[in-house]
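Enquirer: Sequence and predicted structure are below.
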Amino acid sequence: MNVLESSTRIAFKNILFLTDFSEASQTALEYAAMLAKHHNATLYPAHVQTPTTPIYTGGAALMKYLDVAESRLEKN
């Protein structure tokens, strides 16, 4: 049986690592770091946190805050 070999190599320049700071993500970070080192790539760790409404906001300020947050969501 003949096997075809590919001469295409995979190369990574940048690796984006998203984390939730869980134990599983710590293991994944170690893997991503080794992958970045192997490919001489740059590792970019990132964490996104959902914004919360400030407790002190009320009335008109709260409505303005919610309008701004909604428009940001619509842009994404």
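Expert: That came through, no problem. Numbering: from 1, shown residues only.

Enquirer: didn't Met16 look like it was pressed against His47?
Expert: If you look again at residue 16, you'll see it is Leu, not Met. No: with contact defined as C-beta atoms under 8 Å, Leu16 does not count as touching His47 (11.5 Å). All C-beta spots, glycine's among them, are computed from the backbone N, C-alpha and C.

Enquirer: And the pLDDT at the most centrally placed residue in the chain?
Expert: For the chain, the residue nearest the mean C-alpha position is Leu18 (3.4 Å; C-alpha atoms, centre = their mean). Looking at Leu18, its pLDDT is 94.

Enquirer: quick one, phi psi at the nearest residue to it once chain neighbours are set aside?
Expert: Leaving aside its sequence neighbours, Leu18 sits nearest to Ala46 (C-beta to C-beta, 6 or more residues apart in numbering; 5.5 Å). Taking degrees, to the nearest 10, you get phi -150, psi 150 for the backbone angles of Ala46.

Enquirer: lowest-pLDDT helix or strand in this structure?
Expert: In the chain, no helix or strand scores lower on mean pLDDT, DSSP states H and E than helix 59-75, which sits at a mean of 83.
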